[in-house]
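>>> Need a 3D model of the sequence below.
(chains A and B)
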Amino acid sequence: MATLARLRLTQEEEAMFGGQLSQILDFIGALNELDTASVEPMSHALDITNVYRDDAENVKFPADFWRANAPSQDFGHLRVPKIIEG
Amino acid sequence: MNDICFLTLSELMAAMDKGDVTSAEAVEAYLGRISKVDPELNSYVTVDADGARKAAIEADQRRANGEKAPLLGAPLAIKDLMATSGLRTACGSKILENFVPPYDSFAVAKLKEAGAVILGKTNMDEFAMGSSNETSYFGPVKNPWNMEKIPGGSSGGSAAAVAADLCAAALGSDTGGSIRQPASLCGIVGLKPTYGRVSRFGLVAFASSLDQIGPMTKDIRDAALLTGIISGHDPMDSTCAEEPVGDYLSGLDKGVEGMTVGVPDEYFIEGMDPEVESKVRAAIEILGSKGAIIKRISLPHTKYAVPTYYVIAPAEASSNLARYDGVRYGYRDMDADGLFPMYLSTRNKGFGSEVKRRIMLGTYALSAGYYDAYYLKAQKARTLIKRDFQKAFENVSVIVAPTAPAPAFGLGEKINDPLKMYLSDIFTISANLAGIPGVSVPCGLTKKGEPIGLQILGSYFQEASTLRAARTLEKEIGFSDEKPRIGIQTG
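Numbering: from 1, shown residues only, chains lettered A, B, ... in the order given. Sure thing, here's the model as predicted:
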């Protein structure tokens, strides 16, 4: 599950989370008391669906934004660790 | 100079209008008080002294030129998960420790348009995940009423800064009680507006179907003033409502004569603090004595709110926080070898325990084979919780309940027991799931001198009646005269 979540936990964390998460999941199990066979699921509070806007640039990112915020860069490009093996 | 700091936002604006005080003087007073009080309190993560001074001088010039704006020169604080152009927005996390946004969030832009001066960014639980402010990468905030206690969370920095008079007012955000619970524990006013009332554009996303920005203030009038300013439609947030913005100020003092007030049985439970129960019950009697019709009601699915929330909020969070991968901005583990190992160790070192716990929980709830049993089930339970409120609001205008089951707990008391921590939001979570507005207003102190708050919940977009009922209590209880002792003895 940690890898699926793109996390690498320490052994300490694995031990701690194991117990805590099963306790939380037991608690969430209370939902099984509810008969929801005929209940519609709700994804958010308002009756709004499919709101569209023009696919236009709205926020201007100043040139130095990436310079200030990117963890690694060169020649105006973001640098990442090596992707292709061999 | 402390006197300026103790004014409410509305009082300060009136003093500026009369020419009794300038914005520059107010900003200096706050900066002075912050440097004296905040090293111990830790309510601010970033104080923008230079920016605030500059903005204050500008505001004073505009005022001298005869310009008028509702917040012209008002020194405010912003929870550190709303983007502020050119000013670090770290969201309580190592992973965003050095992040400087290129634009203002909608709410902050609205405040600036109205003339506000941003004093700085307030401390918070990491990614707004927490009820005590102890999950912040920048250290816990303390409660100004008792430095051994937590201020509540996740907007604990904003709550403590307002309570300790380190700003005229602040913005917070509320996903499961993160405005109302700290407001209650710090003895201030906090309003979570209807979902969609305030744009989430520029708000660092935690659980997008629950997150809502709102004011944290010294009194109800200030909350009404700020709500009117930050509300409104924004095409940049597709869940932002097109509903017209109400007039929250003019009806505030009209009282509760004839208003039907619901008191839900499920919010007065075994195990709640007896002093909280008695203060809230006393406040309900006050509403009755002022002409409100008090009605017992039932919200039968209340006990399912916390389990529902701890599926939906982590599920949305696990998806929202997938963007922090160390590639484009934020922290990266430079020692990792290869792209995939870099993702894993960046996220492991960049996020704190509570965030990782929730990402794991959410990933699990959304994973193939568990989706129906957890996520879909919780979405259906959410419908039942919403229906409870819809049914209740057919017969009552507002609902009154305690904001938190107990006054502030001790620093360190619950941090190692996540479930116990989650249950401290037992009374606030339902309003987020349903999407209705709620305001926490102080209703007294315990014998030990700790603030107790109650919340008034309203139906969709009924912020005005919610605030009006809260204002009636505020006037009758007279709590706004109470102050924590922090920084007062030392002048």
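>>> C-alpha only now, for contacts and for neighbours.
Noted.
>>> so where does A:M16 fall, helix or strand?
Assigning secondary structure by DSSP states H and E places A:M16 in helix A:11-28.
>>> as a whole number, average confidence for that helix?
Taken as a whole, helix A:11-28 has a mean pLDDT of 93.
>>> for stretch B:171-186, same thing?
Across stretch B:171-186, pLDDT averages out at 98.
>>> what about that stretch, near chain A?
No: using C-alpha under 8 Å from any C-alpha of the partner chain, stretch B:171-186 never reaches chain A; the gap is at least 12.5 Å.
>>> ok so, going back, flag every buried residue along the helix holding A:M16.
Going by neighbour count (16 or more other C-alpha atoms under 10 Å in any protein chain shown), the buried part of helix A:11-28 is A:F17, A:Q20, A:L21, A:I24, A:L25, A:I28.
>>> Please give me every residue in contact with the fourth one.
Going back to what we said before, that points to A:I24. B:L419 (C-alpha atoms under 8 Å, 6 or more residues apart in numbering or on different chains).
>>> confidence score at residue 49?
Just going to use chain A. Looking at A:T49, the pLDDT reads 78.
>>> The chain in question should be chain B.
pLDDT for B:A49: 98.
>>> B:I78 too?
Looking at B:I78, its pLDDT reads 98.
>>> Which pair in the buried residues of helix A:11-28 has the greatest spatial separation?
Taking C-alpha to C-alpha, the two most distant members of the buried residues of helix A:11-28 are A:F17 and A:I28; they sit 15.8 Å apart.
>>> Show the subsequent helix or strand relative to the helix holding A:M16.
Defined by DSSP H and E, the subsequent element after helix A:11-28 is helix A:64-69.
>>> which helices and strands sit right next to that next one?
The contact analysis (3 or more C-alpha pairs under 8 Å, 6 or more residues apart in numbering or on different chains; DSSP states H and E) places helix A:64-69 against no helix or strand.
>>> Other residues contacting that helix?
Residues outside helix A:64-69 that contact it (C-alpha under 8 Å, 6+ apart): A:Q73, B:N98, B:F99, B:V100, B:P101, B:P102, B:R328, B:Y329, B:G330.
>>> Filter these down to just the ones in strands.
Secondary structure defined by DSSP state E assigns A:Q73 of these to strands.
>>> Just the buried ones from the contacts of helix A:64-69?
B:N98, B:F99, B:V100, B:P101, B:P102, B:R328, B:Y329, B:G330.
>>> and the residue nearest the centre of chain A, backbone torsions?
Centroid-nearest residue in chain A: A:A5, 8.2 Å away (criterion: C-alpha atoms, centre = their mean). Dihedral angles phi and psi of A:A5 (degrees, to the nearest 10) take the values phi -80, psi 10.
>>> now it: how far from chain B?
6 Å (C-alpha to the nearest C-alpha, to the nearest Å).
>>> how about the helix or strand where B:A365 lies, does it reach chain A?
Using DSSP H and E, B:A365 maps to helix B:353-366. Yes: judged by C-alpha under 8 Å from any C-alpha, helix B:353-366 and chain A are in contact via B:S353, B:K356, B:R357, B:I359, B:M360, B:L361, B:T363, B:Y364.
>>> For stretch B:220-238, measure first residue to last.
Stretch B:220-238 has its terminal residues 29 Å apart, counting by C-alpha to C-alpha, to the nearest Å.
>>> So what's the gap between the helix holding A:M16 and the chain middle?
20 Å (C-alpha atoms, centre = their mean, to the nearest Å).
>>> With stretch B:171-181 instead?
With C-alpha atoms, centre = their mean as the basis, stretch B:171-181 stands 3 Å off its chain's centre.
>>> what comes up buried for that stretch?
Neighbour-count burial for stretch B:171-181 flags B:L171, B:G172, B:S173, B:D174, B:T175, B:G176, B:G177, B:S178, B:I179, B:R180, B:Q181 (criterion: 16+ other C-alpha under 10 Å).
>>> neighbouring contacts of that stretch?
Outside stretch B:171-181, the residues within contact range by C-alpha under 8 Å, 6+ apart are B:77-79, B:128, B:131, B:152-156, B:158-159, B:189-192, B:206-207, B:210-216, B:309, B:403-404, B:425, B:428-432, B:438-440, B:455.
>>> can we see that at 6 Å?
B:78-79, B:153-155, B:190, B:210-216, B:428-429, B:432, B:440 (C-alpha atoms under 6 Å, 6 or more residues apart in numbering or on different chains).
>>> Many thanks, I have nothing further to ask.
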